[in-house]
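J.: Next come a sequence and a model predicted from it.
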Amino acid sequence: METADARGRLRVYLGAAPGVGKTYAMLDEGHRRRDRGTDVVVGYVETHGRRKTIGSLGDLEVVPRARVAYRGTVQEEMDLDAILQRRPSVVLVDELAHTNVPGGRHEKRWQDVEALRDAGIEVITTVNIQHLESLNDVTESITGVRQRETVPDAVVRAADQIELVDMSPQSLRRRMAHGNIYAPEKVDAALANYFREGNLTALREVALLWLADRVDEGLERYREQHDIKGTWATRERVVAAVTGGPESATLMRRAARIASRRAGGEWQALYVTRHDGLSGVAPDRLAALRAKAEDLGGSFHTIVGDDAAEAILEFARAENANQVIIGASRRSRLSTLARPGIGERVIAASGDIDIHIVTHDYARRRGLAPRQPDSVLGVRRRIAGFVFALVAPLVVSAVLKLTDRFHGLPSEAMVLMVVVVATALVGGLIPAIIAALSSGLLLNLLFTPPLYELTIAEPGNALAIVLFVVVGIAVATVVDHSARRAAEARKARAEADALTVLAHSLLNSGDDLAGLLGSACEVFSASGGAVLRRGERGGHEVVACVGEAPTGIEATDISTAIDDDTVLVLRGGNHSASERALLNAYAAYAKVIAERRRAGRAEVERLRLAEADRTRTALLAAVSHDLRSPLAAVKASVSSLRSDAVTFSEEDEAELLETIETAADRLDALVTNLLDMSRIHTGAVHAQLTEVSLGRAVTYAIAPLAGNERITVDVPRDLTVLADAGLLDRVVANIAENALKYTPLGADIRIDGTAIDGTIDATADSGAGARAILRISDNGPGVPDHHQDRLFAPFQRLGDVPWKDGVGLGLAVARGLTEAMGGTIATEDTPAGGLTFVLEFPRPPAPEEERR
């Protein structure tokens with residue numbers, strides 16, 4: 001039995017497009033629940049005037065909607081508080097992605113739904129696939145329409161039940177043509193645009209695939225909850241186990257073909273690396289395999305495991321794969337008989353997973369495998385090893401011969417074994433084998449009777465010497481192998497440290513190409529490095545450099561390509577072929593930096609074009625309306641005055657002339673603002689700063705304004721600022737005119753001026769920081785804090801000034817001109833309500849006698 005405070009369930013009817021029947025299905029489910037005795041109410045249903053949807057409401061109880069006032073209109077929204085007070089068992093809520101009218105408890109309807117569920121009420125709702133946040137870009141690319149109302153995927157994914165309301169595109173278009181979705185006057189446009197058959201087919205596929213993924217998630221949860229380890233072949237899932245060799249592409253292509261035989265099939269490429277990380281393919285080879293897998297429609301995964309066969313099967317079972325593809329072994333038949341290969345071990349433990357052994361051109365050809373280097377030692381170490389192998393056994397044997405009365409054959413053999421091990425550490429395997437053979441020969445000549453002869457009298461001594469040579473070679477092999485692994489481990493550790501630093505730089509630094517080159521020079525002990533780009537006229541140009549940077553490819557010791565036109569080059573240092581992969585990592589990072597820079601430039605250009613497009617659109621709107629309206633008034637008035645058909649009285653003629661004058665003033669103000677805005681954007685405003693009386697400037701600026709009798713000015717007559725008199729007049733006039741528009745009739749506007757004295761520096765010629773503050777306050781409706789920054793954007797009216805009152809350039813021009821004069825402009829709330837513009841201007845230097 002559920003408790004009263006248990007979280008309510010959520011059931012979602014998902015559709016691929018409007019009109020498929022989501023609301024109808026939701027109401028039908030409501031009737032079924034109500035008939036079964038459940039307390040069901042309709043919280044919100046949008047019928048869109050469709051007869052069948054209205055009819056399907058039937059006698060279901062409907063909670064009255066809340067009426068919300070917004071911008072002079074009254075909107076209807078779901079009454080969340082009334083539903084919570086009514087507290088039904090089930091509530092039907094249409095259009096989950098809907099945005100509520102401002103003023104309610106939540107911004108989005110899905111938040112209302114979450115509140116209902118928190119109260120223990122089960123919710124049945126509807127949503128279209130194009131409203132899911134993660135699919136917004138996908139559906140926009142299909143339909144060309146970007147949905148502004150979206151719902152987070154997590155909300156829908158967390159639903160207890162999701163049901164797809166499906167309909168074929170042909171049936172949906174017929175329903176549209178019959179007038180069952182949109183009004184008749186909208187049908188033709190809808191069928192020709194959003195409801196094209198191709199659009200509907202693509203949206204349907206997106207919805208089906210999204211729901212199929214949710215079904216897979218539910219299946220995986222069920223298998224985990226019930227501890228089901230076996231494979232359920234609900235869809236074709238193929239794993240291609242690759243080694244990184246040349247046959248890997250063949251295996252991935254086979255996996256892609258098998259997966260494509262059934263709809264919904266998917267495949268993955270898997271590479272298993274060892275825990276120690278000392279064996280495996282180069283990172284650039286893995287990157288190429290990953291790109292190949294993605295090109296073939298699959299995904300590439302790397303896991304760690306010492307037993308490759310076990311790791312492959314564990315991965316396949318975790319992914320619920322029903323088929324595994326493995327390449328035919330490169331090992332010889334003899335070695336396969338001695339120890340079963342990965343394929344044989346996978347087949348033995350596969351259980352209900354099908355295993356495909358795929359032949360390829362490289363099967364049974366082990367010689368094609370990459371050969372390990374003969375030694376990890378330098379040339380000097382190898383020469384020293386050969387010298388040590390020849391000299392050390394002779395010296396040690398001579399010392400042992402001189403002291404032979406103190407020890408016997410076993411001790412002498414052990415001492416020479418130490419020489420063999422030391423030779424392996426100094427010079428590697430080959431010198432150690434020479435040391436073992438020469439030590440065995442010296443044991444025979446110097447310490448085994450008969451002495452100084454190659455013959456051996458006792459069979460036991462002969463066996464001991466043979467065993468000495470065999471054990472010596474075996475120990476030398478083990479020591480050399482251990483030395484190789486230790487060197488590889490040190491190298492891997494150094495590369496890992498370098499890659500860690502590189503990854504940290506990638507995440508935390510911006511596009512510091514010089515820093516990247518400095519890091520590369522430090523890792524590779526290079527004296528200098530550079531990034532070179534192929535020039536248009538041949539040769540290379542330096543993009544970035546550090547140290548003794550090479551200026552051309554010819555002067556470099558090592559280089560690697562970043563892209564087709566750019567290379568990373570280093571000068572000096574020691575560079576082995578095995579370090580090429582690490583250098584490629586630096587090149588890849590340099591490519592990321594280059595792409596970041598290109599993306600940054602592209603984003604700046606995109607924003608510039610978007611701003612230009614927005615400005616152009618607003619300008620066209622202004623020209624089409626705000627220029628046309630006064631021109632139409634002028635033309636009508638002039639035509640009336642010139643007409644002989646009508647005789648006007650003096651009062652009528654005066655009124656028409658006044659109309660012409662008013663319209664001309666509007667045109668003059670509009671064109672002036674447009675020209676000023678253009679000058680500001682192009683940087684063509686050059687202020688001529690002089691000492692200006694702020695009080696006199698304010699008086700002159702507001703004198704031509706209609707309604708200036710409502711403005712109270714309180715600016716000291718002796719308060720002066722450094723400004724351009726003409727520009728200052730425009731700034732004050734624009735802001736005061738804006739205040740007159742917003743302030744209700746009967747309310748006053750105040751303009752106050754105050755001086756702020758800066759600190760006095762005895763060594764300076766003037767008071768530092770001396771400023772004048774001008775406040776223009778109104779008692780209008782005010783502006784919310786989050787909208788105040790938008791006040792100064794061009795063509796911005798925030799929706800509360802009609803089009804006929806201007807194009808929204810006045811404040812933008814005021815800010816541009818103020819900043820051109822070295823001043824600042826900001827806004828703050830008027831204490832009694834309204835908005836206050838705060839302007840600051842520099843003051844002229846104080847006279848010498850005042851500073852004294």
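T.: Received, thanks.
J.: in terms of contact, does residue 253 touch residue 297 like I think?
T.: No: judged on Cβ atoms under 8 Å, residue 253 makes no contact with residue 297 at a distance of 10.8 Å. The way it works is simple: take the backbone N, C-alpha and C, and place the C-beta from them, glycine included.
J.: got a list of what residue 590 touches?
T.: Counting by Cβ atoms under 8 Å, 6 or more residues apart in numbering, residue 590 makes contact with 513, 516, 531, 562, 566, 568.
J.: For the closest residue to it other than its chain neighbours, give its distance to residue 587.
T.: Excluding the flanking residues, the one nearest residue 590 by Cβ to Cβ, 6 or more residues apart in numbering is residue 562, at 5.0 Å. Note on residue 562: its distance to residue 587, by Cβ to Cβ, to the nearest Å, is 5 Å.
J.: Now do the shared contacts for the two.
T.: Here residue 562 and residue 587 have residue 568 as joint contacts, going by Cβ under 8 Å, 6+ apart.
J.: Against the centre of the protein, work out the most remote residue.
T.: Farthest-out residue of the chain from its mean C-alpha position, per Cα atoms, centre = their mean: residue 450, at 82.7 Å.
J.: which SS class is that one?
T.: coil (DSSP: H, G, I helix; E, B strand; the rest coil).
J.: In strands, which of the contacts of residue 590 fall?
T.: Among the contacts of residue 590, DSSP state E puts 531, 566, 568 in strands.
J.: mind listing the helices for the stretch 151-300 of the chain?
T.: Secondary structure of the stretch 151-300 of the chain by DSSP state H, counting those that start in this stretch: the helices cover 153-157, 169-177, 184-192, 197-225, 248-259, 283-295.
J.: counting contacts, what elements does the second one pack onto?
T.: The reference is to helix 169-177. Helix 169-177 sits against helix 184-192, helix 197-225, with contacts defined as 3 or more Cβ pairs under 8 Å, 6 or more residues apart in numbering; DSSP states H and E.
J.: Kindly recompute the last result at 6 Å.
T.: helix 197-225 (3 or more Cβ pairs under 6 Å, 6 or more residues apart in numbering; DSSP states H and E).
J.: same question, the longest one
T.: On a contact count with 3+ Cβ pairs under 6 Å, 6+ apart, helix 197-225 meets helix 136-143, helix 169-177.
J.: So what's the model's average confidence on the last one?
T.: Yep, that's helix 169-177 we're talking about. Taken as a whole, helix 169-177 has a mean pLDDT of 86.
J.: Pull out the buried positions in that helix.
T.: Of the residues in helix 169-177, those buried under the neighbour-count criterion (16 or more other Cβ atoms under 10 Å) are 169, 172-173, 175-176.
J.: try the first one
T.: Neighbour counts over helix 136-143 (16+ other Cβ under 10 Å) mark 136, 138-139, 142-143 as buried.
J.: so which of the helices of the stretch 151-300 of the chain gets nearest residue 344?
T.: Nearest to residue 344, of all these, is helix 248-259, at 17.0 Å by Cβ to Cβ.
J.: what residue ranges in the stretch 101-250 of the chain are flagged as low confidence?
T.: Within the stretch 101-250 of the chain, the segments meeting pLDDT under 70 span 217, 220, 223-224, 226-235.
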